[in-house]
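[1] Quick one, structure for this:
(6 chains)
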Number of protein chains: 4
Amino acid sequence: MVDRILDAGRIVLLRDGHDATSTNRIAAQAGISPGSLYQYFDNKEAVISAIVERYSDEMSERVTASLADRFDESGPAMVRATLNALIDALEENVEFLRVVADELPRSENQVRAEALEQRIVGLMSAYIAARREQLRRDVTPTTAAWVMVRAIEALTTRYVLERPPIDRDTFVSELERLVAGYLPER
Amino acid sequence: MVDRILDAGRIVLLRDGHDATSTNRIAAQAGISPGSLYQYFDNKEAVISAIVERYSDEMSERVTASLADRFDESGPAMVRATLNALIDALEENVEFLRVVADELPRSENQVRAEALEQRIVGLMSAYIAARREQLRRDVTPTTAAWVMVRAIEALTTRYVLERPPIDRDTFVSELERLVAGYLPER
Amino acid sequence: MVDRILDAGRIVLLRDGHDATSTNRIAAQAGISPGSLYQYFDNKEAVISAIVERYSDEMSERVTASLADRFDESGPAMVRATLNALIDALEENVEFLRVVADELPRSENQVRAEALEQRIVGLMSAYIAARREQLRRDVTPTTAAWVMVRAIEALTTRYVLERPPIDRDTFVSELERLVAGYLPER
Amino acid sequence: MVDRILDAGRIVLLRDGHDATSTNRIAAQAGISPGSLYQYFDNKEAVISAIVERYSDEMSERVTASLADRFDESGPAMVRATLNALIDALEENVEFLRVVADELPRSENQVRAEALEQRIVGLMSAYIAARREQLRRDVTPTTAAWVMVRAIEALTTRYVLERPPIDRDTFVSELERLVAGYLPER
DNA sequence: CATGAATGAGCTTTCATTCAT
DNA sequence: CATGAATGAAAGCTCATTCAT
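    Model (predicted):
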């Protein structure tokens, strides 16, 4: 039932936009009564949060899956693969990304978004720490990871949403360059 | 009177948050009647936009002013000065930045925000083009500028809002490193 | 509940006039909340239309009922009975007729009003067609009916609302004369 | 200046419809300030009334002018000429007629409309009284005139506005028939 | 006379939420 | 559990009118 509600919510969000997304509309789309919705969620915000959360999970899964079989490739190949997987995942759901990133007040999914980011920062810190000898040692892995994650997140998201006149391959190369110029020892 | 309304709007936005910011409340805070507000603005969105615009202008002015007297310093010093000025400006109004960046749906000030970003991208492209011999020649200045602007914008904003456990000097150094690793010929 | 709203609406319409009839006032008069009104009607216009529709239905019913037991009287007696029934019905609700005919913009109940008129034109066309041998054959029944219906409608309505110095029996005779001069073969 | 306001009002009424016709809009269209309007008219209703009054006057003038040179034609020719002149006049301004007859609450121009009708009834009574020997003597001229005026007014107006599938010549003949069947001695 | 900024009550409509059934 | 009618505060916005200048 929770799933039914979340599916309905996503549909409404996509079809009508955030401003027109009401609990009543979500309930109608889910084929249940407005009252029932409140037996599974505390309030509207909780519903929206859950929808966004599910979206983020799908996103992570997709990226993770793409990377599973390249886990031991060399550093540069790994970076490129990750970036491509990430952009692919974002592009697969541009319309929904637009709603999440452009229409939803960040407050409505802040907790969750930061949790995800924190998790990625964690993974990345580990990755950096593991390669410490080839990489920089003048900064803590956590700091480096924080910077990288925010930068990559913002750049890929904006790229997909703004569609600037930069072709995909060039864009990926530039991100690689950004990473390669930032992380390694020099 | 326009100023009176914008001041009131800013206060309400800060005090009550975006969702609770109504035209009636702004009018009340400004000590005028709801009808009067509509003599100066076409609709609610126009009011919010004007408030955000004024904020952005203040921001730009503050950064520009900080840079005025360092205009002919060397590249690296210039970069560091700019970053510091930017972070200073953002920190001076964290509460309002939180509203603008986290609560306002981007759609509500998108046009303007993108216009500003485009302007900065323009300036930066020129800067890069001018230093072409020391910098990379394998990418168009526009592309490089697009990447840099989004990255810096996102990183400084998130830094100020999230207050990660990275001290200010370290953070600025890391941004410098990011720029220095991305732009120059290698 | 629909009835409760329509009753309230009629009261407000009569008491306060069309311009002062607001959805809030109707809801208040009905003893319900403004929101509830919108569970039964799409918008204000739908409420007004329904009120007018109910009034028209009452009107038709009253006329039809009056005629039921005179169904097989001769043509002239039938005409006189119809006219009397019609005027009786209109007079029974002069105040409301005034609101409907004089205050409501025709646009607000046009569709329905024209539908009713069309129905009456249809009935009358049939009536005329059936008596074709005694009546005129130089004009289509539809045209004759259109003319008669508009004329009778306007004259009875105006008579009831304007109360000209013409006594009721004289007025009915004049209408009969109008019909008798227009329809029959000569 | 009064004329300027009335011109503006007519334009607004035609362009925006009755509901969207505000004193502010009329003033703007007239190129004056809202305050000035109130130096020439007591309130909004007075403005609308004056506009309608001017329209009615134009209408009368047009009909009267068309009839001036046929003043001594025979009865039937006179009737036909009058009807044609009336329909012509109404058709020349259908859009405005629609606003006046369908959108304006009759209350807003009632006084005036009835005055005009009363004047026409007067003229017609005189006409009937003068021809008393060929016409009916079993009814007062005033009553006969009242009936005729309301009938003709309603029928021509509705004909022009509803455009029923009756061609113009047929329609005029039917009206003639209505008059010829009602007025003369039999 | 003319202005036009200011008014403020009131409009239609929405919607997150509740609660008796 | 599910319902869904009912809520009622509040939203954005309009507009006839006034009055100090």
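
[2] longest helix anywhere in chain A?
    Under DSSP state H, the helix in chain A containing the largest number of residues is helix A:44-68.

[3] Quick check: residues of chain A near DNA strand E?
    By the criterion of CB under 7 Å from any atom of the strand, the positions of chain A lying close to DNA strand E are A:19-25, A:34-35, A:37-38, A:43-45. To be clear about C-beta, it is placed using only N, CA and C from the backbone, and glycine gets the same treatment.

[4] hang on, the earlier thing: against which helices or strands is the longest helix of chain A packed?
    Packing partners of helix A:44-68 (3 or more CB pairs under 8 Å, 6 or more residues apart in numbering or on different chains; DSSP states H and E): helix A:2-16, helix A:23-30, helix A:75-91, helix A:110-130.

[5] Compare the ones you listed and report which one is nearest to C:Thr156.
    Distance to C:Thr156, taken as CB to CB, is lowest for helix A:23-30 among those, at 47.0 Å.

[6] With only the CA atoms kept, save that closest one in CSV.
    Listed in CSV are the C-alpha atoms of helix A:23-30, where the atom choice follows Å, rounded to 0.1, in the frame of the first residue of the first chain:
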residue,chain,number,x,y,z
THR,A,23,-2.5,14.8,-0.7
ASN,A,24,-6.0,14.5,-2.1
ARG,A,25,-4.7,14.2,-5.7
ILE,A,26,-2.2,11.6,-4.6
ALA,A,27,-4.9,9.6,-2.9
ALA,A,28,-7.2,9.8,-5.9
GLN,A,29,-4.4,8.7,-8.2
ALA,A,30,-3.7,5.8,-5.8
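
[7] what's the following helix or strand after that helix?
    Moving toward the C-terminus from helix A:23-30, the next helix or strand (DSSP states H and E) is helix A:34-37.

[8] sorry, back to before: now for the helices and strands packed on helix A:44-68, which one comes closest to D:Thr140?
    Shortest separation from D:Thr140 across these is recorded for helix A:23-30, at 64.9 Å, computed as CB to CB.

[9] distance between that closest one and the chain's centre?
    26 Å (CA atoms, centre = their mean, to the nearest Å).

[10] is chain C contacted by it?
    No. In this structure, helix A:23-30 remains apart from chain C according to CB under 8 Å from any CB of the partner chain; the gap is never smaller than 10.9 Å.

[11] in that helix, what's buried?
    Burial within helix A:23-30, assessed by neighbour count using 16 or more other CB atoms under 10 Å in any protein chain shown, is assigned to A:Thr23, A:Arg25, A:Ile26, A:Ala27, A:Gln29, A:Ala30.

[12] Which of these sits closest to B:Ala154?
    Within the set of the buried residues of helix A:23-30, A:Ile26 lies nearest B:Ala154; the separation is 31.3 Å, counting by CB to CB.

[13] residues touching the closest one, list them.
    With contacts defined as CB atoms under 8 Å, 6 or more residues apart in numbering or on different chains, A:Ile26 is in contact with A:Ile5, A:Ala8, A:Gly9, A:Val12, A:Leu37, A:Val47.

[14] Show me the contact partners of the one helix or strand A:Phe96 maps to.
    Here A:Phe96, judged by DSSP H and E, is contained in helix A:94-98. With CB under 8 Å, 6+ apart as the test, helix A:94-98 has contacts from A:Arg10, A:Leu13, A:Leu14, A:Tyr55, A:Leu90, A:Thr157, A:Val160, A:Leu161.
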